[in-house]
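Trainee: Sequence and predicted structure below; questions after.
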Protein chains: 2
Amino acid sequence: MAVRKARQTIQEFSLISGLQRRFARSESGLVRGIGDDAAVIAASPNTWWHLTTDLLAEGVHFDLRTASHESVGYRAAMANLSDIAAMGAVPRYLLMSLAIPKTVTSTHIYNLYAGLMKACRLHDVTLIGGDTSASKTGLFLSITLIGTTPARRALFRKGAHVGDRLYVTGTLGDSLAGLQLLTRGKTSRSTPRRSASLRTSHRHFLVNRHLHPTARLTEGQWLNAAQLATAAIDLSDGLSGDLRHICEESRVGAELHLSEIPISVPCRAYADLHRLQPVQLALTGGEDYELLFTVSPKNQLTVERQARARGYRITCIGTIRPRRFGLQMTSSDGTLRPLPMTSYEHFRK
Amino acid sequence: MAVRKARQTIQEFSLISGLQRRFARSESGLVRGIGDDAAVIAASPNTWWHLTTDLLAEGVHFDLRTASHESVGYRAAMANLSDIAAMGAVPRYLLMSLAIPKTVTSTHIYNLYAGLMKACRLHDVTLIGGDTSASKTGLFLSITLIGTTPARRALFRKGAHVGDRLYVTGTLGDSLAGLQLLTRGKTSRSTPRRSASLRTSHRHFLVNRHLHPTARLTEGQWLNAAQLATAAIDLSDGLSGDLRHICEESRVGAELHLSEIPISVPCRAYADLHRLQPVQLALTGGEDYELLFTVSPKNQLTVERQARARGYRITCIGTIRPRRFGLQMTSSDGTLRPLPMTSYEHFRK
């Protein structure tokens, strides 16, 4: 449920964000409205409901020249599952709407549903409804996903305190590297010689991380149940943008240790080959769908011990600082620089 | 939450409907999945939640040459409120996603939200979230609306029995007449002389019924609370199509009395002027957002008496027949003919 940017002036999205906040109002039963990964409603004395929605547009969020309909359906479900993961919730019900142009065939639609349902089955989510429309232009998907937590038990973007440690799950930058591998193969900017010299297993790993990402649901549910995280968000817009969201909602600053950011071996190999900074892929690359969360210093050992015992990869990449500190990053040589404002702008053409 | 058709082969939509049913499964807590105006979940021992979603595409569901952004927002909310009305539920929370092309300005977005919020305020609905994306082509809106009823108390499409009387609220065909007035004024098929000779107050009434329809929420809630309706649906695709949905879900047939269909004075005047059958506008005209419902013969007097006392306009327009009877319509001369399959195909260009 993020505000996504793609060749659009930031002003318009700020306007919408402002309008939404202006029109928002508190109501009995509403725990959290606009401003988090999901809206939260106290559905019963014992249960909170988490609702998230995403609208995915052809040419903006996916490119049917590089992604199959199956992976479009799969990724659309995962993007929403990841929002639910960031709340520490259990996903339950899904609604999907489609606007379908004439160029889309029955087989395409079947494959799209097959991808969506593959992701749903993995997490025991039930498809309960949707809407189907014609589209005069591209393919559009809209998904609404509903998850649950026990009442008064959820992870929010707000809640990070000065001194808290900043953690991420998994490795960052893989999805953008995978997307670039797919795109370079299809556009005039292609560099087949270089891409070809990337080890096949590395290429497969990165492309798969882009086309079939994994929402960190078990990790989110663990952090929530064990009350180990003070705030959380999923990495859909890139570390730089999503850390900014946590800091804004928690009214704090943050210091990021660039050398600590977990980069996979294939991502590092890809970056070396293309003379890129792997950390740049991690900072600006969206759609890794890892979790970014904060942990009180007193729980740092516990969270690391429990993660190890459960086989979850988590990495401490920084510290929450006072608001006036802003967002800064420390290079390996110890110099501090402001964190760039860049966020992932889906693929450009 | 209807399957909408607009210049699309019916086969594709049947495929989707088939796929959705195939992938649907029962789960604890799920009262009703795909196949009604809304999905229904037993959210707590005392409360049922009703979820409906609609995806609206520029050039298919709305035309920005004939409708303002304000009315697009208003109608999008009303289309979903009408689904909630058909369940007999109280609307509570709304999520709206937008995919915005570069041609849309800040003022357009403001007006769209203003229209949406006008409809929400009328019915005490809270905007709780959404998503915003760029669009490389037209404007797309996706709305998800959540309503509530007491547990085990809702109106469904299934439930109509042989012998039940068929009722509608309000008058039918007004919205299509209003749309035709707007479209004729803007396209080469315009007949300004004829449109001009329609009384101004009639023109205003019909155009307003199209641009600012009214979801029949109080009527739906009354029918549900008083347990007077055996089945219900909202008229979004036209009487012919929506009656078919009730009959399919209830596994019955129906006889429609054409001469009983309530037609407003302005709609009749418009039809006369353009040598149209007003009943044709009612049968095929979508987006009237009136309720179509069935009542057991023993409750017929009660429903009519209560409606009169509350100031609701309801009209008996037919009778539920056995399934083998199919769907037939009786003309004023008493002849029976099969009900045509036509449904409202949003505007054509």
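Mentor: Sure thing, it's come through. Numbering: from 1, shown residues only, chains lettered A, B, ... in the order given.
Trainee: what about dumping the CA coordinates of stretch A:76-94 to CSV?
Mentor: This file holds the C-alpha atoms of stretch A:76-94, laid out as CSV (Å, rounded to 0.1, in the frame of the first residue of the first chain):
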residue,chain,number,x,y,z
ALA,A,76,1.2,-9.2,-7.5
ALA,A,77,0.1,-11.5,-4.7
MET,A,78,3.6,-11.4,-3.1
ALA,A,79,3.6,-7.6,-3.1
ASN,A,80,0.5,-7.6,-1.0
LEU,A,81,1.6,-10.6,1.1
SER,A,82,4.7,-8.6,1.9
ASP,A,83,2.7,-5.7,3.3
ILE,A,84,0.8,-8.2,5.5
ALA,A,85,4.2,-9.7,6.6
ALA,A,86,5.4,-6.2,7.6
MET,A,87,2.4,-5.9,10.0
GLY,A,88,3.3,-9.3,11.6
ALA,A,89,-0.1,-10.6,10.4
VAL,A,90,-1.4,-13.9,9.0
PRO,A,91,-2.8,-13.4,5.5
ARG,A,92,-6.3,-14.8,5.0
TYR,A,93,-8.4,-13.5,2.1
LEU,A,94,-7.7,-12.0,-1.2
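Trainee: ok, which stretches of the stretch 51-200 of chain A are strands?
Mentor: Counting by DSSP state E, counting those that start in this stretch, one finds strands in the stretch 51-200 of chain A at the ranges A:90-100, A:126-134, A:140-150, A:165-169.
Trainee: Mind putting those into JSON lines with mean pLDDT, mean neighbour count and distance to chain B?
Mentor: Glycine gets a C-beta too; all of them are placed from N, C-alpha and C. Below are those laid out as JSON lines (pLDDT from 0 to 100; neighbours: other CB atoms under 10 Å in any protein chain shown; distance: least, CB to the nearest CB, whole Å):
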{"stretch": "strand A:90-100", "mean pLDDT": "94", "mean neighbour count": "25", "distance to chain B": "4"}
{"stretch": "strand A:126-134", "mean pLDDT": "88", "mean neighbour count": "24", "distance to chain B": "4"}
{"stretch": "strand A:140-150", "mean pLDDT": "95", "mean neighbour count": "26", "distance to chain B": "4"}
{"stretch": "strand A:165-169", "mean pLDDT": "98", "mean neighbour count": "24", "distance to chain B": "23"}
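Trainee: For the residue nearest in space to the middle of chain A, give me the pLDDT.
Mentor: Note on chain A: the residue nearest the mean C-alpha position is residue A:236, at 2.5 Å, using CA atoms, centre = their mean. Predicted confidence (pLDDT) for residue A:236: 90.
Trainee: mind listing what it touches?
Mentor: Residue A:236 makes contacts with A:2, A:79, A:82, A:83, A:242, A:286, A:287, A:289, as judged by CB atoms under 8 Å, 6 or more residues apart in numbering or on different chains.
Trainee: ditto for residue A:108
Mentor: Contacts of residue A:108 (CB under 8 Å, 6+ apart): residue A:69.
Trainee: C-alpha coordinates for whichever strand or helix holds residue A:242, PDB please?
Mentor: Using DSSP states H and E, residue A:242 maps to helix A:239-250. Taking Å, rounded to 0.1, in the frame of the first residue of the first chain, the C-alpha atoms of helix A:239-250 are listed here in PDB:
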ATOM      1  CA  LEU A 239      16.000   0.700   1.400                       C
ATOM      2  CA  SER A 240      16.500   4.400   1.000                       C
ATOM      3  CA  GLY A 241      12.800   5.200   0.500                       C
ATOM      4  CA  ASP A 242      11.400   2.700   2.900                       C
ATOM      5  CA  LEU A 243      13.800   3.700   5.800                       C
ATOM      6  CA  ARG A 244      12.500   7.200   5.200                       C
ATOM      7  CA  HIS A 245       8.900   6.000   5.800                       C
ATOM      8  CA  ILE A 246       9.900   4.400   9.100                       C
ATOM      9  CA  CYS A 247      11.700   7.500  10.200                       C
ATOM     10  CA  GLU A 248       8.900   9.800   9.200                       C
ATOM     11  CA  GLU A 249       6.200   7.800  11.000                       C
ATOM     12  CA  SER A 250       8.400   7.300  14.100                       C
END
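Trainee: what's the lowest-pLDDT member of the contacts of residue A:236?
Mentor: Lowest in pLDDT among those is residue A:2, which has 46.
Trainee: Name the residues of the stretch 151-300 of chain A found near chain B, please.
Mentor: Not one residue of the stretch 151-300 of chain A sits near chain B, judged by CB under 8 Å from any CB of the partner chain.
Trainee: would residue A:317 count as being in a strand?
Mentor: Yes: counting by DSSP: H, G, I helix; E, B strand; the rest coil, residue A:317 falls inside a strand.
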